[in-house]
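J.: when you get a sec, could you give me coordinates for this:
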Amino acid sequence: MLRATGWWGRHHRGQASEALDNASFRAQDAAMPRLSAIARLSLLMVGPFISVSAVAQDSSASTGMSKPTPTLPTDGLPTPRDTPYPGLLKIAVDATDVAHGVFRVSETIPVKAGPMVLLYPQWLPGAHAPQGQIDKVAGLTFQAGDRVLSWRRDQTDMYAFHIDVPVGVSEISVKFDFLSATNADQGQVVMSPNLLGLEWISTMLYPAGHYVRQITVEPSATFPADWTAATALRPVNTAAAGGEIHYKPVALDTLADSPVFAGRFVRSEQLSSDVTLNLFADRSDELAIAPTQLALDRALVGQATKLYGAQHYSHYDFLVALSDRVLTGVGLEHHRSSEDQMAPDSFLNWNDGVAERDLLAHEYTHSWNGKFRRPADLWTPDYRTPMRNSLLWVYEGQTQFWGKVLTARARMISREDAYDSLAQTAAAYTAQVGRSWRPLVDTTNEEILSNRRPEPFPSYQRDEAYYEEGQLIWLDADSLIREKSGGKRSLDDFAKAFFGVHDRDWGELTYTFDDVVTTLNEVQPYDWAGFLHARVDALAPQPPLGGLARGGYALTYSDQPGHVWTAREKANETVDLSYSLGLRIGKDGAVTGVTWNGPAFSAGISVGSTITAVDGDAYNDDALKAAITRAKNEGKPIALLIKQGKTYRTVAVTWTGGLRYPHLVRTGKGPSTLDALYRARG
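T.: Model (predicted):
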């Protein structure tokens, strides 16, 4: 056994270590070459009684002799109280710098002397996650008269700012610029030379320590002089010079929930006495909307009010951006309005937009489900308190269900297209292998976990399954109610009983899981708690397709896609081969989706790859589809030349099932509960 010595050994173990002679050191050195220089030095310093093997083990230890005591963060910020904030806040936003995408914010806040905390919104309603864009705040200054006040950011909460208000000061001014994204890689682009979306919740600081409904604000905004603005807020002035609009004072939560769309090319149409459709476009010709199309939008409003039997707004404004330059992908609910983005030619090429036709119905339904009736653990008194998403399968899942149903009832989509859309949802969750490890309820955390970043294998990760799988759960519940009541009752009765109370109340009425179960039992007695727990909380190898089976339909596949499928492919600029090769392909052969354990996955293909050749010929979409059909007839693997990074390789994809696209096929006889569900209400 080799022994080591040195200053540390001599100092701590006395003269015993000095008995080693030079020969001993030479013997040690001869045995040490295979150790690193640091290990050798450590060996020499440890002392004569430590083996080389023990030293090697000690060198990998996670801690040394010095062990600090942590300085734990403390939350010293004021707790929100349900008491009025004294005085009137004023917020003015200059939104005229459309060239740079800058919103210039000026606030006036009543204060009293002493320490004060101002908060920037972090947890955003409708986002279900901490998505406040604090990183886009720049040029922040606080002033009391002409005196600039120093500030410091809280060390624990990056959205909180501390200032000390001097004695004798009753009002401070706050100024900052909100630097909105100018390119998609920076976030959502919300401003262009022709239209913009102003989110008040992104352009405010507010005092900590109060429920936001107890803070009163007088807002104003300045837009380019020749622009028109629309919002659920109501202006004080009707024709302000210079594009400046002053709005009536409102509670801060109402302001945060009332975005403004403004633009150069605008068209507004009344859908009912208190519902307005506001269209904003990049070009004036894109505002063309046929009388028949307007009639469908009016029918949507009529079908929704018949379903719920009450309205939870004083007036409602659809804010629709017909643009592919800004607000791309936006669909965000508010109590008295919604932010919606559609393709520029949505009304010019009506048939091409069928895949996203339910957008307005979905966001409109949120006025009842999500804004008025809101999960208790998702309602928060301010924008700092964390939200909990355990009931999003009701908030979003049942909204997805009613959005699809109302779109069909208003005849904004044909029955055939509605059923093909439903078939696509059923197929997606039948093929979702992530069901084996992740229950649906856990996916309600997805907004917080991933913030909607692209994921490599959504079929395995399960992403936001509570939307579409939630739709299937409520379809299952509707068919069960119809079956057990002999067709006398349906989920319509639940919607009216649960969401249709307190007509014209646009406050918030919270609910729990037990409230949902209680109302379901009032509609139709059943073990609804067990029904929901089995589909939401437990691992479920198969998706909830009982609504299809009871409705007299079954999921099937053919080699021809339906209209909704081809419209979605066109809108997304993809070729979707999810149920054959397990692939989605974008422009120029770029792989944008791979199904976990599918044929493409098994061949070693992943997102980020590019298909450059098919069976020896240059790639194109039709060539790949032809190869899939050929493989079915000949039983041979498909050879794909893949470029991944700078590496090229050929892979063999084994699939002989041909092209497969999902559809519903009628299996039952007599009346169908599914047909009854999708039928318009008179």
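J.: can you show me the CA trace of stretch 97-107 as CSV?
T.: Extracted as CSV, the C-alpha positions of stretch 97-107 are listed here (Å, rounded to 0.1, in the frame of the first residue of the first chain):
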residue,chain,number,x,y,z
ASP,A,97,-44.2,54.3,-33.3
VAL,A,98,-45.3,51.5,-35.6
ALA,A,99,-42.0,51.5,-37.4
HIS,A,100,-40.1,50.3,-34.3
GLY,A,101,-43.0,48.5,-32.5
VAL,A,102,-42.6,50.6,-29.4
PHE,A,103,-45.4,51.4,-26.9
ARG,A,104,-44.5,54.5,-24.8
VAL,A,105,-46.1,54.3,-21.4
SER,A,106,-46.8,57.2,-19.0
GLU,A,107,-48.5,56.5,-15.6
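J.: in that stretch, which residues have enough neighbours to count as buried?
T.: By neighbour count on 16 or more other CB atoms under 10 Å, the buried set for stretch 97-107 is V98, G101, V102, F103, R104, V105, E107. C-beta: built from backbone N, CA, C; applies to glycine.
J.: just the ones of these in strands?
T.: Among the buried residues of stretch 97-107, the ones falling in strands (DSSP state E) are V102, F103, R104, V105, E107.
J.: residue contacts, the last one?
T.: It stands for E107. L89, K90, I91, A92, S173, V174, K175, M204, L205 (CB atoms under 8 Å, 6 or more residues apart in numbering).
J.: let's see 6 Å
T.: Counting by CB atoms under 6 Å, 6 or more residues apart in numbering, E107 makes contact with I91, V174.
J.: look at it and report its pLDDT.
T.: pLDDT recorded at E107 is 98.
J.: hey, what's it bridged with?
T.: I91, V174 (DSSP bridges).
J.: roughly how far apart are it and R283?
T.: Distance, E107 to R283, by CB to CB, to the nearest Å: 36 Å.
J.: do the first one as well
T.: Separation of V102 from R283 (CB to CB): 24 Å.
J.: assign a three-state SS to G329, would you?
T.: coil (DSSP: H, G, I helix; E, B strand; the rest coil).
J.: once you drop chain neighbours, what's closest to it?
T.: Excluding the flanking residues, the one nearest G329 by CB to CB, 6 or more residues apart in numbering is Q341, at 6.3 Å.
J.: the one you found - that's part of a strand, no?
T.: Yes - assigned with three-state DSSP, Q341 falls within a strand.
J.: surely it and L332 touch.
T.: No - checked against CB atoms under 6 Å, the pair Q341 and L332 is beyond contact range at 9.5 Å.
J.: for the two, indicate the residue with more neighbours.
T.: Q341 (24 against 20; other CB atoms under 10 Å).
J.: give the bridge partners for that one, please.
T.: On the basis of DSSP bridges, Q341 is bridged to A321.
J.: output the contacting helices and strands for the helix or strand containing A567.
T.: For A567, the host element (DSSP states H and E) is helix 563-572. Judged by 3 or more CB pairs under 6 Å, 6 or more residues apart in numbering; DSSP states H and E, the packing partners of helix 563-572 are helix 415-430.
J.: how far does the helix or strand following the helix it packs on sit from its chain's centre?
T.: Following helix 415-430 in sequence order, the next helix or strand is helix 446-450 (DSSP H and E). Its chain's average C-alpha position is 8 Å from that of helix 446-450, according to CA atoms, centre = their mean, to the nearest Å.
J.: which residue packs closest to K484, ignoring adjacent ones?
T.: Q524 (5.5 Å).
J.: tell me how far that neighbour lies from A477.
T.: 9 Å.
J.: again with L581
T.: Look at L581 and A477: by CB to CB, they are 35 Å apart.
J.: ok, the two, which is more surrounded?
T.: L581 (29 against 26).
J.: which residues touch the more buried one?
T.: Neighbour list for L581: P599, A600, V653, W655 [criterion: CB under 6 Å, 6+ apart].
J.: got phi/psi on L271?
T.: Per-residue torsions, L271: phi -90, psi -20 (degrees, to the nearest 10).
J.: pLDDT value on it, please?
T.: For L271, the model assigns a pLDDT of 98.
J.: near it, how many other residues are there?
T.: Neighbourhood size, L271 [other CB under 10 Å]: 20.
J.: helices and strands around the lengthiest helix in the chain, which ones?
T.: Criterion DSSP state H: the longest helix present in the chain is helix 465-484. For helix 465-484, the packing partners by 3+ CB pairs under 6 Å, 6+ apart come out as helix 392-395, helix 397-409, helix 546-550, helix 673-678.
J.: what angle sits between that helix and helix 397-409?
T.: When axes from the mean of the first three to the mean of the last three CA atoms, to 10 degrees is applied, the directions of helix 465-484 and helix 397-409 differ by 70 degrees.
J.: C-terminal to helix 465-484, what's the next element?
T.: Counting by DSSP H and E, what follows helix 465-484 is helix 491-499.
J.: mean confidence score for that next one?
T.: 98.
J.: buried stuff in that helix?
T.: For helix 491-499, burial by neighbour count (16+ other CB under 10 Å) applies to L491, D492, D493, F494, A495, K496, F498, F499.
J.: can you pull the contacts of the third one?
T.: Residues near D493 by CB under 6 Å, 6+ apart: V523.
J.: so that it lines up with my notes, have the first residue be 32 from now on.
T.: Let's use 32 as the start, then, which means that last one is D524.
J.: gap between it and L391?
T.: Distance, D524 to L391, by CB to CB: 24 Å.
J.: likewise for the second one?
T.: Note on D523: its distance to L391, by CB to CB, is 20 Å.
J.: off-centre distance for the helix or strand that contains R405?
T.: R405 belongs to strand 404-406 when assigned by DSSP H and E. Relative to its parent chain, strand 404-406 has a centroid offset of 18 Å by CA atoms, centre = their mean.
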